[in-house]
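**Student:** here are the coordinates; sequence isn't available:
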């Protein structure tokens, strides 16, 4: 074991290392606070002024981090946030946690990664370990990130070490906070991997080393491709079951009693968040450069993307049975976040349904306890404070996202028509409930 590893190992053991986290979003912010909570000095680099202002005001902008928790960490003095990349100059470890969206026709956009790494490369300290956590296609760490450092004359395993470790944050999941989620690590060399394992071992219960950065990059894409394909499958089966007059929810519940060989997935209006809608498409794009077309990814993605329109069609059919047209009908959407109990609108299928209903001429309102205001491209909406009188005024209520603590059965007892995409109504108001 060379001197760099020995020095960093000693710093880890003595809790004398310094960490920089680039990007304080849903991945980087919890990670930074986890290290700071272990009395490790952490500098968070964030260019979003609103986020920096929130931190200064000791107000959390992420639902998984309470204001009390944030204030406790800030009071400890081990975390600070900055927009200046030169503040990473003393960091022994640099974690890059920036967005990786899609652009154009489902093309990967790694510009945020490249820009962050270019800025970090100007100030990196000799012997520092750089770990990319942003989800990306296989080969990014070696083919795109390494050359940025090399262009500045930096030599891997001499001037710095480079790794990839896929983020596995699950917003809203109280059962699996950061420290309980095993961390996969793959470096550009065995030494880089060992260093990263030592670092994550400070805060993570189990660290899983793999043979390369490419393997680690693919692990994350496999995890979310698995989910995409199975969600696409159950969405297709739900449409099939409706045609055959079979209750898909009852089928899944019964199949879930099998103790092996089956994992339940549930239909819905689509998928949202920062992972499932885009991550598999990164793999799909990369595979094409090797002359391979991933048919499963394409098919599952197409099925899921169709679900908002399918729900609108089902609502249209349900209204027609009462001699009503969707045009000019008043429709209330319950829940606009992409996930239960998570204040996050990223790629929310509820928004797609809302926009589709408006294109069909419906008058649409929404109610969501987590989202008081909704700014869309051509309209601003305010969450409805509901009452029996207001509920009666709507021709249909769509439950797109359910939230804990909301009494749907009691709240919607006087609704004319309910379209339940989340299986909230199990027997209640059966005569006026249409289920996905």
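**Tutor:** Received, thanks. What you see is a predicted model; the values in this text were computed from it and never measured.
**Student:** quickly list the domain ranges of this structure.
**Tutor:** 3-211, 235-435 (automatic domain parsing).
**Student:** what separates stretch 225-237 from the chain centre, distance-wise?
**Tutor:** Averaging C-alpha positions (C-alpha atoms, centre = their mean, to the nearest Å) puts stretch 225-237 17 Å from its chain's average.
**Student:** cool, stretch 334-349 as well?
**Tutor:** 11 Å.
**Student:** next: stretch 390-401.
**Tutor:** A distance of 28 Å separates the centroid of the chain from that of stretch 390-401, by C-alpha atoms, centre = their mean.
**Student:** residues of it that come out buried?
**Tutor:** Using 16 or more other C-beta atoms under 10 Å as the burial criterion, the residues of stretch 390-401 that qualify are 391, 394, 395, 396, 397, 398, 399, 400, 401. (Glycine included, C-beta is placed from N, CA and C.)
**Student:** name the SS class of the most centrally placed residue in the chain, please.
**Tutor:** In the chain, the centroid-proximal residue (C-alpha atoms, centre = their mean) is residue 274; its distance is 3.3 Å. When classified by DSSP: H, G, I helix; E, B strand; the rest coil, residue 274 comes out as coil.
**Student:** pLDDT score for the residue lying closest to it once chain neighbours are set aside?
**Tutor:** Leaving aside its chain neighbours, residue 274 sits nearest to residue 346 (5.7 Å; criterion: C-beta to C-beta, 6 or more residues apart in numbering). In the prediction, the pLDDT value recorded for residue 346 is 92.
**Student:** from what I can see residue 346 touches residue 275, true?
**Tutor:** No. Counting by C-beta atoms under 8 Å, residue 346 sits too far from residue 275 to count as a contact (9.7 Å).
**Student:** who's more crowded, these two?
**Tutor:** residue 275 (25 against 19; other C-beta atoms under 10 Å).
**Student:** pretty sure that one contacts residue 224?
**Tutor:** Yes. At 5.0 Å, residue 275 and residue 224 qualify as touching, with contact defined as C-beta under 8 Å.
**Student:** quick revisit: turn the domains of the chain into a markdown table, columns for distance to residue 218.
**Tutor:** What follows is these, written out as a markdown table (distance: least, C-beta to C-beta, whole Å):
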| stretch | distance to residue 218 |
| --- | --- |
| domain 3-211 | 5 |
| domain 235-435 | 7 |
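**Student:** where's the residue lying closest to residue 124 once chain neighbours are set aside relative to residue 191, distance?
**Tutor:** In space, and not counting its chain neighbours, residue 124 is closest to residue 160: 5.9 Å by C-beta to C-beta, 6+ apart. Counting by C-beta to C-beta, to the nearest Å, the gap from residue 160 to residue 191 is 11 Å.
**Student:** neighbour count winner among these two?
**Tutor:** A count of neighbours by other C-beta under 10 Å puts residue 160 above the other of residue 160 and residue 191, at 22 against 17.
**Student:** quick one: contacts for the more buried one?
**Tutor:** Applying C-beta atoms under 8 Å, 6 or more residues apart in numbering to residue 160 gives the contacts 124, 126, 127, 128, 129, 130, 149, 154.
**Student:** neighbour count and pLDDT added to these, as a markdown table?
**Tutor:** Shown next, in a markdown table, are these (neighbours: other C-beta atoms under 10 Å; pLDDT from 0 to 100):
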| residue | neighbour count | pLDDT |
| --- | --- | --- |
| 124 | 22 | 96 |
| 126 | 9 | 90 |
| 127 | 16 | 90 |
| 128 | 25 | 94 |
| 129 | 26 | 96 |
| 130 | 28 | 97 |
| 149 | 20 | 97 |
| 154 | 17 | 95 |
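**Student:** what ranges do the strands span in the stretch 1-150 of the chain?
**Tutor:** Using DSSP state E, counting those that start in this stretch, the strands of the stretch 1-150 of the chain run over residues 19-22, 42-45, 79-82, 93-96, 102-103, 107-108, 128-132.
**Student:** nothing else from me, thank you.
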